[in-house]
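Engineer: For reference, the sequence and a predicted model appear below.
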Amino acid sequence: MNLTDQISIAVALAGMAILFLIFRNRESRPGSARRNIVILLAIAVTMAVLFGLGGITGSD
């Protein structure tokens, strides 16, 4: 893992944290937390797939 990979992962994690805070502040009704967790999991899986493909195609 080189420096660009670490930077991209750090940016993705920061983005997920920001999205989490936005969802938590916007949605205060009961039952919305579960939906926010599902959305965050979908984002996390998407980023994991993108990082996995990038690692496979970018490895020499």
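Structural biologist: Perfect, thanks for sending it.

Engineer: could you say what helices and strands whichever strand or helix holds Asp5 packs with?
Structural biologist: Element membership for Asp5, per DSSP states H and E: helix 3-26. Counting contacts by 3 or more C-beta pairs under 8 Å, 6 or more residues apart in numbering; DSSP states H and E, helix 3-26 packs against helix 32-58. To be clear about C-beta, it is placed using only N, CA and C from the backbone, and glycine gets the same treatment.

Engineer: quick one: the helix it packs on to helix 3-26, angle?
Structural biologist: Inter-element angle recorded for helix 32-58 and helix 3-26: 170 degrees (by axes from the mean of the first three to the mean of the last three C-alpha atoms, to 10 degrees).

Engineer: coming back round to it: looking only at pLDDT, what's the mean for the helix holding Asp5?
Structural biologist: Mean pLDDT, computed over helix 3-26, is 76.

Engineer: Can you show me the CA trace of that helix as PDB?
Structural biologist: Presented in PDB, the C-alpha positions along helix 3-26 are these (Å, rounded to 0.1, in the frame of the first residue of the first chain):
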ATOM      1  CA  LEU A   3       0.900   6.800   0.000                       C
ATOM      2  CA  THR A   4      -1.800   7.600  -2.500                       C
ATOM      3  CA  ASP A   5      -3.800   4.500  -1.300                       C
ATOM      4  CA  GLN A   6      -3.500   5.600   2.300                       C
ATOM      5  CA  ILE A   7      -4.600   9.200   1.300                       C
ATOM      6  CA  SER A   8      -7.600   7.900  -0.700                       C
ATOM      7  CA  ILE A   9      -8.700   5.600   2.200                       C
ATOM      8  CA  ALA A  10      -8.300   8.500   4.700                       C
ATOM      9  CA  VAL A  11     -10.400  10.800   2.500                       C
ATOM     10  CA  ALA A  12     -13.100   8.100   2.100                       C
ATOM     11  CA  LEU A  13     -13.300   7.500   5.800                       C
ATOM     12  CA  ALA A  14     -13.500  11.200   6.500                       C
ATOM     13  CA  GLY A  15     -16.300  11.500   3.900                       C
ATOM     14  CA  MET A  16     -18.200   8.700   5.500                       C
ATOM     15  CA  ALA A  17     -17.800  10.300   8.900                       C
ATOM     16  CA  ILE A  18     -19.100  13.600   7.500                       C
ATOM     17  CA  LEU A  19     -22.100  11.800   5.900                       C
ATOM     18  CA  PHE A  20     -22.800  10.100   9.200                       C
ATOM     19  CA  LEU A  21     -22.900  13.400  11.000                       C
ATOM     20  CA  ILE A  22     -25.100  15.000   8.400                       C
ATOM     21  CA  PHE A  23     -27.600  12.100   8.500                       C
ATOM     22  CA  ARG A  24     -27.600  12.000  12.300                       C
ATOM     23  CA  ASN A  25     -28.300  15.700  12.600                       C
ATOM     24  CA  ARG A  26     -30.900  15.800   9.800                       C
END
